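> Sharing a model prediction with you, sequence too.
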Amino acid sequence: MTLIARIFCVILALCLPVMAMAHAQFNGSEPSPNALVPERPETVSLWFSEPVSPVAMRWISPDGESYPAEAEPGGKQVLVPPPPEVGDGSYMLAWRVVSLDGHPVGGILVISVGATSDLPTLSNISWPPLSAWALIAVKFALSVCLVLGIGGTVYSRFVAAHTSVDAVSLWALYLTFPAALFLVAAQGLDLLGLPLGAVFSGAPWVTGASTSIFRTAVIAAMAAVTALILIRVTPLSRHRVAGPGLALMAWALAATSYAVSGHTATAEPEWQAVLAMFTHGLATLFWLGALRPLLGVIRHGNDDLTELRRFSNFAIPLVGLLIVTGFFMASLHAGSGGFQALGMSGYGILLFIKLVSVIGLLLVATHNKLVLTPALSRGTPGAQDALRGSIHVEIVLALMIVAFASSFRLTPPPRTASQDPEARSVTVNQSDITAELRMTPGLVGPNEITVMVANADGSALTPLEITLGFSISENDIGPIVVDAALGENGWTTGPFILPQPGDWEVDLNLLVTDFDIVTLKTTATVDP
Amino acid sequence: MINRLLCLATALLMSTAAMAHTTLVESEIKQGVASKFTLSVPHGCGAEATLRLRVRIPAGLVAIKPQPKAGWALDVVSGAYETPQKLGETTLSEGVLELIWEGDLPDAYFDEFAFRGTVTEAVEVGSILYIPAVQECATGVERWIEIPVEGHGSHDLARPAPAVKITPAGAHHH
């Protein structure tokens, strides 16, 4: 037997059993899934079909609180610290591991200590991991850069009627590039649920670049490039001709960057939402961008109030647009439940805080316009300091508003959470069976699925068991296998995590009799 | 030569060890000839002992006679066929639909469960006949009932139904 034959033999022997498991599969756990154990286990082991590294582990206690857990890798076995001591009840472990080929696999393990309890429902599972906060921070940084840089450029061109911007605005324009770049990575980290350190790997960048946030990053960078061309490249002699066009273009690009991603880009009707967000962005950039340059104008020894008046002339209609578009977008996001639905959702609370800040800002601005500016033009002593102080308050409120606006990632608007049968359900007609899958909320993260089945002729069909398998075979993800249980609302799954956006292949396995299993195949879209 | 055989044996052993499915011992059955079907049960449901084995007799398999087993109660479910079956000149409208053995088979042991039956002409020569079986334990169930879709083999399935190839009545094998 030659060496080559020997090697071939070894390869053959190694390949045969391996063929059945091309990617890591969850093979079981100790305590086993859905086990009822008398006491809190000292450790929980998860077993996989191949060596894996833990990526993210979270315990969700019976009261719905989320506790991150630091898991220990051990080849095919992953050791997870015990659930937090919150008392008896059912605990959920949301686990995500990555196999050697770099593909994340995730799932939910339920273990009950002492007694079983209702599983925490979707609304009280907190799902903003650290990467979500990073995403918010980067979004905030990018917004501040755009407001200072593009807003500053717009102010200097159209209000101050010159094209020089100060060092802060210039730096803001330069910093737009790294902010836009890291926005892509932060989005990828958030989607994959990876720790912040993974920013040095390729995966978050690739994933981030495949989402709509990539357009935001590119367009924001284009806005900064345009503004820099105006400020740094265009010769002063040509500013009168090229200036307004370039400034308008930078302004429009920056406003567009807000409109092409996020919840807005997926709201219906799409063009109205995009147009509203674009207008909202234009007004925000102008108003907030003008605050800092205005401070420079209102100083001792400057009696020329032309700039302040010109700003007012622009600001009044733009603030009007800001309010109108803001209300319009809130109504789109409220969905069928109306504004009442907004009030009760996390999204609504965030929006409410933002609105309070906006109203505060409007009151301060009105006070500036009606009281302080006339006082300044009359030359009342102390009016300058009062107006400067008031603009400082405006700046603080503006920063808060931008921060709240960047935080909407934490909570999807009710529109996406509402049970819209068109948007969130999939119907399959196969093997003389009609099945409808309703996904709540159909977004990355925890999901619940309700399955309705009937015979194609409309007669009732009561399977013995329903199992769903979710996979993205292109990326070797899954199958994430979940069982549906028959309850008051029909066949429903408990919350389980779909770790990635995209089109998931769904295998709906119906055990029709003890001996007959019917598999219906469909795809379901999961949005970021 | 011995090396070569060892190689093949290693490869095959490793592949079967990875499967450990409930299967039919026979790989081929002749059409129209009363033949023995032997189900091999290699393990329980997880670590649990098998307490019941249920075998569904598919359409095209008639004249069933189960083999009793010591320590196992045997239950034969008979009834009307969905469509009448033809065996030679005779038309059969009813017969055995399900076989149920009840006993105790610890996970550490394996056992075989047999019956005789005849494959009718309704099952084409060269096709695969699937005989779904369900292993029931104290709490768990193992269902060997998955049938591959056209053009795919059973090896993709997690719990394939025991299967056998149907050969012509006159075929001889060496």
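Yep, it's here.
> where do the helices sit along the stretch 351-500 of chain A?
A:373-378, A:383-406, A:414-417, A:421-424 (DSSP state H, counting those that start in this stretch).
> Can you mark which positions in the first one are buried?
Pointing back at helix A:373-378 there. A:Thr373, A:Ala375, A:Leu376 (16 or more other C-beta atoms under 10 Å in any protein chain shown). All C-beta spots, glycine's among them, are computed from the backbone N, C-alpha and C.
> Among the residues you listed, which ones lie close to chain B?
Checking these against chain B by C-beta under 8 Å from any C-beta of the partner chain, not one of them is in range.
> returning to that earlier point: deepest of the helices of the stretch 351-500 of chain A, which one?
helix A:414-417 (a mean of 22; mean count of other C-beta atoms under 10 Å in any protein chain shown).
> what pLDDT, on average, does that one get?
For helix A:414-417, mean pLDDT is 44.
> what's the closest non-adjacent residue to A:Leu230?
Here the nearest residue to A:Leu230 in space, its sequence neighbours aside, is A:Leu246; by C-beta to C-beta, 6 or more residues apart in numbering or on different chains that works out to 4.0 Å.
> Could you report the neighbour count for the one you found?
23 (other C-beta atoms under 10 Å in any protein chain shown).
> Could you verify that it is part of a helix?
Yes - the assignment for A:Leu246 by DSSP: H, G, I helix; E, B strand; the rest coil puts it in a helix.
> can you pull the contacts of it?
Going by C-beta atoms under 8 Å, 6 or more residues apart in numbering or on different chains, A:Leu246 touches A:Thr226, A:Ala227, A:Ile229, A:Leu230, A:Thr234.
> how about the nearest residue to the last one, chain neighbours excluded?
Pointing back at A:Thr234 there. A:Ala242 (5.3 Å).
> That neighbour and A:Thr226 touch, don't they?
No - look at A:Ala242 against A:Thr226 with C-beta atoms under 8 Å: they stay out of range, at 10.8 Å.
> Those two - which one has more neighbours?
Just comparing A:Ala242 and A:Thr226: by other C-beta under 10 Å the higher neighbour count belongs to A:Thr226, 23 against 15.
> Mark out where each domain of chain A begins and ends.
A:3-18+A:130-417, A:26-124, A:422-526 (automatic domain parsing).
> And the last one, how far out from the chain middle?
Pointing back at domain A:422-526 there. Chain-centre distance of domain A:422-526: 25 Å, with C-alpha atoms, centre = their mean, to the nearest Å.
> Same check on the longest one?
Here the centre of mass of C-alpha atoms in domain A:3-18+A:130-417, compared against the chain's by C-alpha atoms, centre = their mean, lies 16 Å away.
> What of stretch B:136-153?
12 Å.
> Remind me what the helix or strand hosting A:Leu285 packs against, helices and strands.
Per DSSP states H and E, A:Leu285 falls inside helix A:270-297. Judged by 3 or more C-beta pairs under 8 Å, 6 or more residues apart in numbering or on different chains; DSSP states H and E, the packing partners of helix A:270-297 are helix A:130-158, helix A:239-259, helix A:262-266, helix A:306-334, helix A:383-406.
> Averaged pLDDT, the fourth one. What do you get?
Right, helix A:306-334. pLDDT averaged over helix A:306-334 gives 82.
> which of the residues in that helix are buried?
Quick answer for helix A:306-334 (16+ other C-beta under 10 Å): A:307-308, A:311, A:314-315, A:318-319, A:321-322, A:325-326, A:328-330, A:332-334.
> Excluding chain neighbours, what is closest to A:Gln384?
A:Ile298 (5.7 Å).
> what's near enough to touch that neighbour?
Neighbour list for A:Ile298: A:Leu308, A:Leu376, A:Gln384, A:Leu387, A:Arg388, A:Ile391 [criterion: C-beta under 8 Å, 6+ apart].
> next one: A:Ala172
Each residue near A:Ala172 by C-beta under 8 Å, 6+ apart is listed here: A:Val144, A:Cys145, A:Leu146, A:Val147, A:Leu148, A:Gly149, A:Gly152.
> dump the residue contacts of residue 75.
I'll assume chain A. By C-beta under 8 Å, 6+ apart, the residues touching A:Gly75 are A:Pro51.
> ah, I was thinking of chain B
B:Leu99, B:Ile100, B:Trp101, B:Glu102.
> Try it again at 10 Å.
Residues counted as contacts of B:Asp75 (C-beta atoms under 10 Å, 6 or more residues apart in numbering or on different chains) are B:Arg52, B:Arg54, B:Pro66, B:Glu98, B:Leu99, B:Ile100, B:Trp101, B:Glu102.
> which of these come close to chain A?
Among the contacts of B:Asp75, the residues lying close to chain A (C-beta under 10 Å from any C-beta of the partner chain) are B:Arg54, B:Glu98.
> just the contacts of B:Asp75 now: which is nearest chain A?
B:Arg54 (6.7 Å; C-beta to the nearest C-beta).
> Phi, psi for the closest one please.
Note on B:Arg54: its backbone torsions stand at phi -110, psi 130 [degrees, to the nearest 10].
> who does it bridge with?
Under the criterion DSSP bridges, B:Arg54 forms beta bridges with B:Ile100, B:Val134.
> give me the number of residues near it?
As a measure of burial, B:Arg54 has 20 neighbours, counting by other C-beta under 10 Å.
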